[in-house]
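Peer 1: Here's a sequence, model it:
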Amino acid sequence: MSGTEETPSSESPMDDSLADWGAAGVAMGQNDIDDLFGGSEAPEPEVVRNGMEALVGGAVRYDKLPMLDIVVDRLARLLTTSIRKFTADNADAVIDRMRPVRVGPFLDTITLPAMIGIIRIEEWDGYCLAALDSQLIGSIVDILLGGRRNAVQPIEGRPYTPIERAFVEKFVGLLTQDMSRAFESVSPATFRLERFEITPSYALITKPTAAALTFRAEITMEGRGGHIDFLLPYASIEPVRDLLSQEVLGKKIGGDTIWRGHLAEELPRASTELTAVIESRTMPFSEVARWQPGSVVELDRRQDEPLDVFCQGLLVCRARMAAKDDRVVLRVEECVIEKDWPGDTPALDG
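Peer 2: Just a heads-up that it's a prediction; the model follows:
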């Protein structure tokens with residue numbers, strides 16, 4: 001019996017696989033990438049909440065922002081046009097509905113590798129995020145380099161090259177311009193790319209527990225594409241929260257056809273009071289005070305001259321005095337307002 005014992009190796013199968021990363025022909029999978037960038041962590045132990053904490057502990061309050069929904073819809077249309085011009089290819093951008101999140105959990109959901117654009121909003125003194133996934137980055141680079149007929153090669157197991165970063169930076173520059181144009185109908189805002197991050201923890205623009213809104217833009221380009229995840233903290237939109245929370249009755253000012261039809265139907269039947277002005281002059285009160293029954297006031301207007309007829313201070317026509325059946329009447333000589341007034345006034349673009 002030998003007095004020496006073999007010491008069991010402390011290396012695990014995972015350590016053996018990690019050692020083969022640099023070997024030729026060994027490809028890195030998504031799990032390996034998560035291990036490299038720190039995106040895959042052991043699940044935290046479940047926290048037991050009791051009472052009121054269990055009801056509201058992880059909830060995010062969502063305020064209705066109707067104008068922001070319109071801004072996001074406009075951003076989708078602008079993105080579609082910009083991507084088509086940028087890639088000279090048929091492209092389409094569709095944005096899902098917004099949902100409330102916490103900043104920390106949002107960063108944990110970003111699939112690596114990715115490029116996270118830190119975007120500053122100049123007028124609001126705030127920040128937002130735009131996370132581009134690897135499929136979209138690969139599609140953009142492949143199309144710009146002429147590989148339109150080749151299958152998209154996923155970017156895995158290596159950092160982004162300077163050429164890829166230059167293409168993505170130019171693309172995000174167009175994206176920030178579209179975001180500025182989308183928000184200009186609510187309030188002037190200049191979105192400017194400040195930097196890129198590839199590690200989500202370095203893209204923390206506010207505290208992890210802060211509430212925010214997120215929405216995803218799905219981009220397709222001839223069978224390829226990817227998505228962009230946007231993060232807009234509530235703190236960043238606080239300066240325009242009141243404007244974004246306004247109810248939207250229509251996309252055009254004065255374009256409510258039901259109200260216009262009702263007004264055009266009711267106006268002809270409405271009663272109004274007309275005032276025929278023979279002459280208007282300024283007189284001292286002392287002269288008016290001397291008037292007595294039978295006093296005669298001489299006018300500078302002749303009997304055959306037309307009179308101005310007003311409706312609530314608005315000149316509507318000119319008429320001459322006449323007599324009919326022992327009554328004084330007015331014979332209209334000139335219409336100042338068009339016959340079809342108010343008519344169908346053109347709607348102003350909103």
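Peer 1: can you pull out the strands in the stretch 151-300 of the chain?
Peer 2: Here the stretch 151-300 of the chain has its strands, by DSSP state E, counting those that start in this stretch, at 191-197, 211-221, 224-233, 252-253, 274-277.
Peer 1: which of the residues in the first one are buried?
Peer 2: The one in question is strand 191-197. 191, 193, 196-197 (16 or more other C-beta atoms under 10 Å). For the C-beta atoms, the positions are set from N, CA and C on the backbone; glycine is no exception.
Peer 1: just the longest one next, same as before
Peer 2: Of all the residues in strand 211-221, those buried under the rule 16+ other C-beta under 10 Å are 211-217, 219-221.
Peer 1: which ones are touching the closest residue to Y160 other than its chain neighbours?
Peer 2: Counting by C-beta to C-beta, 6 or more residues apart in numbering, Y160 lies nearest to M115, which is 6.7 Å off, once chain neighbours are set aside. Contacts for M115 (C-beta atoms under 8 Å, 6 or more residues apart in numbering) come out as 131-132, 137, 160, 165, 168, 196-198.
Peer 1: Of these, just the buried ones, ChimeraX syntax please.
Peer 2: To isolate the buried members of these in ChimeraX, using 16+ other C-beta under 10 Å:
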select :131,132,137,160,165,168,196,197
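Peer 1: Could you tell me which of the contacts of M115 belong to helices?
Peer 2: Counted as lying in helices by DSSP state H, out of these, are 137, 165, 168.
Peer 1: Among the residues you listed, which one sits closest to R99?
Peer 2: R99 has its nearest neighbour among the ones in helices among the contacts of M115 in I137, at 24.2 Å by C-beta to C-beta.
Peer 1: residues in contact with the closest residue in space to that closest one that isn't next to it in sequence?
Peer 2: Of all residues not flanking I137 in the chain, V168 sits nearest, at 5.7 Å (C-beta to C-beta, 6+ apart). Contacts for V168 (C-beta under 8 Å, 6+ apart) come out as 115, 132, 137, 140-141, 160, 196.
Peer 1: just V94 next, same as before
Peer 2: Here V94 is in contact with 76, 217-218 (criterion: C-beta under 8 Å, 6+ apart).
Peer 1: hmm, 10 Å instead?
Peer 2: If you count contacts by C-beta atoms under 10 Å, 6 or more residues apart in numbering, V94 has them with 76, 79-80, 216-220, 227.
Peer 1: Repeat that for E164.
Peer 2: E164 sits next to 115, 137-138, 140-141, 144-145, 155 when contact means C-beta under 10 Å, 6+ apart.
Peer 1: which of those has the weakest pLDDT?
Peer 2: Lowest pLDDT among the contacts of E164: I155, with 59.
Peer 1: returning to that earlier point: looking at the ones in helices among the contacts of M115, spot the one nearest L244.
Peer 2: Among these, and counting by C-beta to C-beta, the member closest to L244 is V168, at 29.0 Å.
Peer 1: Can you add pLDDT and distance to F183 and give the buried residues of strand 211-221 back as CSV?
Peer 2: Converted to CSV, those look like this (pLDDT from 0 to 100; distance: C-beta to C-beta, whole Å):
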residue, pLDDT, distance to F183
A211, 90, 20
A212, 91, 16
L213, 91, 14
T214, 92, 17
F215, 92, 14
R216, 92, 18
A217, 91, 15
I219, 90, 20
T220, 89, 25
M221, 84, 25
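Peer 1: Show me which pair in the contacts of V94 is furthest apart.
Peer 2: T80 and R216 (15.1 Å).
Peer 1: Wait, L65 touches M98, no?
Peer 2: Yes: using C-beta atoms under 10 Å, L65 is in contact with M98, at 8.2 Å.
Peer 1: between the two, which one's more packed in?
Peer 2: L65 (21 against 18; other C-beta atoms under 10 Å).
Peer 1: What's the separation between I137 and V72?
Peer 2: 23 Å (C-beta to C-beta, to the nearest Å).
Peer 1: and which of the buried residues of strand 211-221 is nearest S187?
Peer 2: Nearest to S187 among the buried residues of strand 211-221: L213, at 16.4 Å, using C-beta to C-beta.
Peer 1: How about the contacts made by the closest one?
Peer 2: 60, 62-63, 65, 68, 72, 98-101, 106, 128, 230-234, 236-237.
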